[in-house]
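Q: Okay, predicted coordinates and the sequence, questions at the end:
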Amino acid sequence: MLALPFYYLVFGGTAFGIGLLAYRLWDRGETNLRTEVISDPDWLFKKARQEPNTNQSLYEFSVQYIAVLKGVFAAPSASKLERLSKLFAAPQNSDDQLWKDMSLRLDEAYNSYSLEYVALIETIATHSQNPSQLYAAHRLATCIGGSSRKLISLGKAIAQNPILTGSLKQ
């Protein structure tokens, strides 16, 4: 009679452990699929349209930016990546107010999708020649509070890119 609770504990713990292992394996597979789609650089080379920079338009742009980022991280598709490419190439990226508005939301996105977030920045840093996209990647890497060493080193590497440094001097 005393062994019955012990068996419940052992078998329940085993079932929980197997379920947790299955979930982790499934989640790793899903993350790898999303990371592969984001790492394909074809989506980077789309053009964006120009809008005036008012505080309200920057706030709305930041809300749209975060929504598209999270959408890409959750389930990347060609249309989502095309919209993200247009956001990265937008001239609003050079406005510091935009990054102040987005800093907390970027923290949330990074905490939820850290592998996808890093893959996105690596893809832009490796394949883009657009100064606006490079600056956006630099800000994405450096705006996260308590960033990982990998993000900090990516941000520094992007900041030293001659394309970005040449456009910032002008």
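A: That came through, no problem. Numbering: from 1, shown residues only.

Q: For Ala3, list the residues it contacts.
A: The neighbours of Ala3, taking CB atoms under 8 Å, 6 or more residues apart in numbering as the test, come to nothing; the list is empty. Any C-beta I mention is one placed from the backbone N, CA and C, and that applies to glycine too.

Q: Any figure for the gap between it and Ile152?
A: Counting by CB to CB, to the nearest Å, the gap from Ala3 to Ile152 is 54 Å.

Q: give me the number of residues near Arg28?
A: The tally of other residues near Arg28 (other CB atoms under 10 Å) stands at 11.

Q: low-scoring stretches of this structure, by residue?
A: Where the chain drops to pLDDT under 70, the residues are 1-2, 45-52, 146-147, 164-170.

Q: what about 50?
A: In the prediction, the chain carries residues with pLDDT under 50 at positions 169-170.

Q: which residues in it form helices?
A: Assigned by DSSP state H, the chain shows helices spanning 3-39, 55-74, 78-89, 96-112, 114-127, 131-142, 149-159, 162-169.

Q: List the buried residues of stretch 132-144.
A: Using 16 or more other CB atoms under 10 Å as the test for burial, stretch 132-144 gives 132-144.

Q: Redo these as TSV? Include distance to Val118.
A: Listed next are those as TSV, based on distance: CB to CB, whole Å:
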residue	distance to Val118
Ser132	20
Gln133	16
Leu134	16
Tyr135	18
Ala136	15
Ala137	11
His138	14
Arg139	15
Leu140	10
Ala141	9
Thr142	13
Cys143	14
Ile144	10
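
Q: circling back: tell me which of the helices of the chain is the most buried.
A: Comparing the helices of the chain by mean neighbour count (mean count of other CB atoms under 10 Å), helix 131-142 ranks first with a mean of 23.

Q: Keeping just the C-alphas, turn that one into PDB.
A: Coordinates of each C-alpha in helix 131-142 appear next as PDB, following Å, rounded to 0.1, in the frame of the first residue of the first chain:
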ATOM      1  CA  PRO A 131      23.000  51.200 -45.400                       C
ATOM      2  CA  SER A 132      19.400  51.600 -44.000                       C
ATOM      3  CA  GLN A 133      19.100  47.800 -43.600                       C
ATOM      4  CA  LEU A 134      22.600  47.600 -42.000                       C
ATOM      5  CA  TYR A 135      21.700  50.400 -39.600                       C
ATOM      6  CA  ALA A 136      18.500  48.700 -38.700                       C
ATOM      7  CA  ALA A 137      20.300  45.500 -38.000                       C
ATOM      8  CA  HIS A 138      22.900  47.400 -35.900                       C
ATOM      9  CA  ARG A 139      20.100  49.000 -33.900                       C
ATOM     10  CA  LEU A 140      18.300  45.600 -33.500                       C
ATOM     11  CA  ALA A 141      21.500  44.100 -32.100                       C
ATOM     12  CA  THR A 142      22.300  47.000 -29.700                       C
END
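
Q: Perfect, I'm done here.
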